[in-house]
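In: return a 3D structure for these sequence lines:
(chains A, B, C and D)
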Number of protein chains: 2
Amino acid sequence: MKLEEAQHQFIASWGAFGSHWGINRTMAQIHALLMISPDPLSQDDIMEQLNISRGNVNMNIRDLVDWGLVFRILIPGERKEFFSAEKDIWKVATQIVKERKKRELDPMLRLLDQLEDVEGDKKDKHIKQFTETVSSIRRFGLQADKMLDGLVKADENWFLGNLMKIFR
Amino acid sequence: MKLEEAQHQFIASWGAFGSHWGINRTMAQIHALLMISPDPLSQDDIMEQLNISRGNVNMNIRDLVDWGLVFRILIPGERKEFFSAEKDIWKVATQIVKERKKRELDPMLRLLDQLEDVEGDKKDKHIKQFTETVSSIRRFGLQADKMLDGLVKADENWFLGNLMKIFR
DNA sequence: CTGAAGTTTCAAAAATTAATGAAATTAATT
DNA sequence: AATTAATTTCATTAATTTTTGAAACTTCAG
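Out: Numbering: from 1, shown residues only, chains lettered A, B, ... in the order given. Purely as a prediction, here's the structure:
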C-alpha cells in the first residue's frame, strides 16, 4: 500500500474510532495526523491536510492540548505556533483514562454517594431495588476508580507484565 | 432525599454518563429505569415514565436486547411483552466490554495490521514515523485485546481480588 | 375469518452537535 | 505607533443524530 493512502486510511479510521469514545471525529483526526507527522505542524498545515476551517482547527487543537495529548511547540525563528502529538501510546492511553476519570467517573461517584440513602420504608421493594442498584454500581465504581489510579501511576512494562501473568 | 427525586436523578445522570460512552442518552435512561425497577416493565410503562414515544422505546429496547443488557420477559396470562435489565453490574460491564471490543477494537486491529507495511524507502522519515506509530498502536491494541478477553472470562471476585492486590 | 391488541418500521421533523468564516483580538516587526 | 501576521471567538450555517407518530405488520381471541 502507498504511504499516502495508508495515511488517509489511518486518519479516517482513527477519527471514526475516536467518535465512539466521546472524542469528536475531527479532534481524533487531527490527533491522528499529528501522531504520524515526523515534524510539528502549524494550524495552516492541518487545515490544508484535512480540509477543515481555521476555526475548527483552532478549537479542536485547544481541546487536544487541554487533554494533554498535543503540545504547542515554538520553533525558534518562526512566528507561527506549531503542534506535536504525544507519540507514546501508553502515555496517550493513561492520559485519556486520567481525564475521563476526572470528568466522568468521579462526578458519577459523588452523585451515587448522595443517592444511596433515600427516605422511606427499607422494606418497600422499589426502595430496596433502588438502593441495591445504586450501591452496587457505587461499589463497582470505587473499585474501578482505585484500579484506574493504579493504572495511571503504573509503569508500562511493569503493568503489562503483571497483567499478562494474571491473564495467561 | 425522596425516592422519586432520587430515581429521576439517577436516570438523568445515567443517561448523561452513557452518552459519553457511545450509548445514546435515551437508551441509557431506559436501561437505568429498568435497573431500578423491581418488576419488569412494558413498553407503555417506559413510554409513560420517561415521556418518550413508542417508536423510540421500541428501537432503544431492541438495541439494549442486542447488547445483552435487557431481557424480554413473557408474563403468563399477559399479552404484552415485558422487559427487565441485567442487574448484576459486573455482568453489565463485561457485556459492554465484550460488545465494544467486537465492534470497535477488533476491526481497528484488523486495519492496523494492513497498514503496517507501506511501500517505499524505510529510511524516509514520514514512512518511519507512520509505521512506528501504527505498529506501536497495534501492539498496544493486541495487549488490550488479550487483557479484555481475560477480563470478560474472569469471575468477579477473583478478578477484583487479584487486581486489588496488585494495585495495593 | 375478523377485529382488537400489540409490535415494528421508517419517512419526516426536531434537536443536537460540529464546522465555517469573517470580525475581533493579540503579538510581533518595522 | 503603525503595519502585518497569527490566533481566537462566536454567530450563523451545515451536518448529524435522535425522536416522533402514523402506517404496516403480526399475533392472538372469539
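In: which positions in chain A make contact with DNA strand D?
Out: Taking CB under 7 Å from any atom of the strand as the contact definition, chain A meets DNA strand D at A:19, A:42-44, A:54-55, A:58-59, A:61-62, A:79-81. To be clear about C-beta, it is placed using only N, CA and C from the backbone, and glycine gets the same treatment.
In: and the residues you listed, which are buried?
Out: A:19, A:42-43, A:61 (16 or more other CB atoms under 10 Å in any protein chain shown).
In: helices or strands next to the helix or strand A:Trp90 falls within in the packing?
Out: Using DSSP states H and E, A:Trp90 maps to helix A:89-100. Judged by 3 or more CB pairs under 8 Å, 6 or more residues apart in numbering or on different chains; DSSP states H and E, helix A:89-100 is in contact with helix A:125-153, helix B:125-153.
In: isn't A:Trp67 right up against A:Val97?
Out: No: between A:Trp67 and A:Val97 there is no contact under CB atoms under 8 Å: 11.2 Å.
In: with neighbour numbers in mind, choose between the two.
Out: Legend: neighbour count by other CB atoms under 10 Å in any protein chain shown for A:Trp67 and A:Val97, higher for A:Trp67 (19 against 15).
In: how many residues are close by the residue lying closest to the more buried one once chain neighbours are set aside?
Out: Distances taken as CB to CB, 6 or more residues apart in numbering or on different chains place A:Glu99 nearest to A:Trp67, at 5.5 Å, with adjacent residues excluded. As a burial measure, A:Glu99 scores 14 neighbours (other CB under 10 Å).
In: repeat for the one 4 residues further on
Out: When neighbours are defined as other CB under 10 Å, A:Arg103 has 13 of them.
In: quick one, what contacts it?
Out: Neighbour list for A:Arg103: B:His20 [criterion: CB atoms under 8 Å, 6 or more residues apart in numbering or on different chains].
In: so it sits in a strand?
Out: No: A:Arg103: not assigned to a strand; according to DSSP: H, G, I helix; E, B strand; the rest coil it is helix.
In: distance of the most centrally placed residue in chain A from DNA strand D?
Out: Geometric centre of chain A, nearest residue: A:Ile96, 2.9 Å, by CA atoms, centre = their mean. Taking CB to the nearest atom of the strand, to the nearest Å as the measure, A:Ile96 falls 20 Å from DNA strand D.
In: OK, contacts around that residue?
Out: A:21, A:67, A:69.
In: identify, from these, the entry nearest to DNA strand C.
Out: Nearest to DNA strand C among the contacts of A:Ile96: A:Trp21, at 11.4 Å, using CB to the nearest atom of the strand.
In: that closest one: how many residues sit nearby?
Out: A:Trp21 has 14 neighbouring residues, counting by other CB under 10 Å.
In: and if you look at the one 5 residues further on?
Out: A:Thr26 is flanked by 19 other residues according to other CB under 10 Å.
In: tell me which element it falls in.
Out: helix A:25-36.
In: and whichever residue of chain A sits closest to DNA strand C, what does it touch?
Out: Nearest residue of chain A to DNA strand C, counting by CB to the nearest atom of the strand: A:Gly55, 2.0 Å away. Listed by CB under 8 Å, 6+ apart, A:Gly55 has no contact partners.
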